[in-house]
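*Asks:* Just the structure for this:
(4 chains)
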Protein chains: 4
Amino acid sequence: MAHLGARMVHIGPGRVHVVLPVRPEVSQQHGYVHAGATSAIADSAGGYAALTLFDEDSDVLTVEYKINLLAPAAGDRLEAIGTVLKSGRTLTVCQLEVFGVRADGERKIVANGQQTLIRLNRAPG
Amino acid sequence: MAHLGARMVHIGPGRVHVVLPVRPEVSQQHGYVHAGATSAIADSAGGYAALTLFDEDSDVLTVEYKINLLAPAAGDRLEAIGTVLKSGRTLTVCQLEVFGVRADGERKIVANGQQTLIRLNRAPG
Amino acid sequence: MAHLGARMVHIGPGRVHVVLPVRPEVSQQHGYVHAGATSAIADSAGGYAALTLFDEDSDVLTVEYKINLLAPAAGDRLEAIGTVLKSGRTLTVCQLEVFGVRADGERKIVANGQQTLIRLNRAPG
Amino acid sequence: MAHLGARMVHIGPGRVHVVLPVRPEVSQQHGYVHAGATSAIADSAGGYAALTLFDEDSDVLTVEYKINLLAPAAGDRLEAIGTVLKSGRTLTVCQLEVFGVRADGERKIVANGQQTLIRLNRAPG
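*Replies:* Numbers count the residues shown, from 1 in each chain, chains lettered A, B, ... in the order given. Take a look at the predicted model:
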């Protein structure tokens, strides 16, 4: 996330928003954000959303995700929202949404996905 | 791809290999390559593999993909292989594989996925 | 759908509900509806939802779908809801949800998925 | 599987083949096997493939799968092949392939997918 320039802007139980300012480095030849960057912030938002429902000794790893790129990822920033659909003892399933947001606040969905994560016990430090 | 430091190392009809040297910038807290970077090179390999079967006026966009992260993406470099499973007039479906490769050549699969792309006519320049 | 015993119970623009009464033939050894039947009604609900936004000369085919089976598919009936997320000229993307519904009306989500469909021109009869 | 008329025809370590004779009940308006039936035998083949690598006290449940329907599922029978890509202590990932097979033996791939399963301890009888 840091490498991409993304940051968390909202954390609530089972829901996290991650924002990525659109810069040339994350854009591709068509002028919109590369699928890889779009997916990366969606994956991160889902992972953090899963973590909000576990204690601090837990960590999560992405098992798999699927994402549909619905529209060119354009705007001044991308906002990824991860929402927990099911939080189990071992597995968590999240919905992933990514919106392109313009400076005037207009939002348009650019990607929608679904993610499975596994809970791990964080190794003692 | 350039932003990540990835490059194409093999191009054949319906199959492309992309290599990403493992550097700190693409790694995460667990010491292995972030799912976002792993997915990005897999997505790129599939997209280029699809393009090998079309004429130069065609372009492709990723419609969707799904990826399973099978093992920590460790090694000196990651190698993503995109292979066309079905090349249709409108849609192409690719298999995506990502291997972690050590300096001594040992390879281990780290991710496996599947991708759908749509063919577009490249806008005249 | 007919083979499974499923039927449409709601049709609106971009949204269709399909209901499957739970019978022994569609259940598996654990006592809940088989993933295949759960997926089949989800796929059907999405396909019909896509069709609601096209004229009568259009047909759709499922390109791909992904489904997470979140909980045992139990209840007196399953209700699948297909909702169009993006309706394009060629491709439609739907969200798929399946709920287990008890005779007393209690609902529980049992599956969540995402589907891509392609529009075809219906062959003249 | 019994309801559909499918049966296992090959079992090896990490790989299972399931065959479904094509009958009107599993076909749809376009004259080929419904996506639901195609998916169901793919899901079953993957589940049984996963089981071949565990002892008899283990059972598996499908966590999720994604399938691309590549071509009309035509032929005299469908053959689904489930192959384990990664067998872990908790999770198993399988590749799913479905072929349409004609009476003269000609085979054509009709679907390709990927599946995640979770291992459970079978309840003592």
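*Asks:* going forward, measure contacts and count neighbours with C-alpha atoms only.
*Replies:* Fine.
*Asks:* Now the most centrally placed residue in chain A: which helix or strand?
*Replies:* In chain A, the residue lying closest to the centroid (C-alpha atoms, centre = their mean) is A:A42, at 2.2 Å. Using DSSP states H and E, A:A42 sits in helix A:35-51.
*Asks:* helices or strands up against that helix?
*Replies:* On a contact count with 3 or more C-alpha pairs under 8 Å, 6 or more residues apart in numbering or on different chains; DSSP states H and E, helix A:35-51 meets strand A:7-12, strand A:15-21, strand A:58-69, strand A:77-87, strand A:91-101, strand A:107-121, helix B:35-51.
*Asks:* Let me have those in CSV, extended by mean pLDDT.
*Replies:* Below are the helices and strands packed on helix A:35-51 laid out as CSV (pLDDT from 0 to 100):
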stretch, mean pLDDT
strand A:7-12, 93
strand A:15-21, 96
strand A:58-69, 96
strand A:77-87, 97
strand A:91-101, 97
strand A:107-121, 96
helix B:35-51, 93
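*Asks:* I'd like to know the beta-bridge partner residues of the closest residue to the residue nearest to the centre of chain A other than its chain neighbours.
*Replies:* Nearest residue to A:A42, sequence neighbours excluded (C-alpha to C-alpha, 6 or more residues apart in numbering or on different chains): A:A80, at 5.2 Å. Counting by DSSP bridges, A:A80 is bridged to A:V18, A:V98.
*Asks:* can you tell me which residues contact A:A80?
*Replies:* A:17-19, A:41-42, A:45, A:96-99 (C-alpha atoms under 8 Å, 6 or more residues apart in numbering or on different chains).
*Asks:* Now do the closest residue to A:V22 other than its chain neighbours against A:P21, distance only.
*Replies:* Using C-alpha to C-alpha, 6+ apart and skipping the chain neighbours, the partner closest in space to A:V22 is A:R77 (5.0 Å). Distance of A:R77 to A:P21, given as C-alpha to C-alpha, to the nearest Å: 4 Å.
*Asks:* For these two, work out which one has more neighbours and name it.
*Replies:* A:R77 (21 against 18; other C-alpha atoms under 10 Å in any protein chain shown).
*Asks:* my guess is that one meets A:V101, correct?
*Replies:* Yes - contact criterion C-alpha atoms under 8 Å: A:R77 and A:V101 qualify, at 5.4 Å.
*Asks:* neighbours of A:R89, just the number please.
*Replies:* Neighbour tally, A:R89, other C-alpha under 10 Å: 9.
*Asks:* So it is in contact with A:N121, correct?
*Replies:* No - applying C-alpha under 8 Å, one finds A:R89 not in contact with A:N121, separated by 11.5 Å.
*Asks:* Quickly list what the closest residue to A:S87 other than its chain neighbours is bridged to.
*Replies:* Using C-alpha to C-alpha, 6+ apart and skipping the chain neighbours, the partner closest in space to A:S87 is A:V93 (6.6 Å). Per DSSP bridges, the residues bridged to A:V93 are A:K86, A:T116.
*Asks:* gap between A:V93 and C:A111?
*Replies:* On the measure of C-alpha to C-alpha, A:V93 and C:A111 end up 10 Å apart.
*Asks:* A:E106 now?
*Replies:* To C:A111, A:E106 is 32 Å away according to C-alpha to C-alpha.
*Asks:* In terms of neighbours, single out the busier of those two.
*Replies:* Between A:E106 and C:A111, counted using other C-alpha under 10 Å, the more crowded position is C:A111 (26 against 10).
*Asks:* give the contact list for the residue lying closest to that one once chain neighbours are set aside.
*Replies:* Leaving out its chain neighbours, the residue that sits closest to C:A111 by C-alpha to C-alpha, 6+ apart is C:L69, at 4.5 Å. Under the criterion of C-alpha under 8 Å, 6+ apart, the neighbours of C:L69 are C:35, C:110-112, D:62-64.
*Asks:* Let me have those in CSV, extended by distance to B:G5.
*Replies:* Output for those, formatted as CSV (distance: C-alpha to C-alpha, whole Å):
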residue, distance to B:G5
C:A35, 42
C:V110, 42
C:A111, 39
C:N112, 36
D:T62, 37
D:V63, 34
D:E64, 33
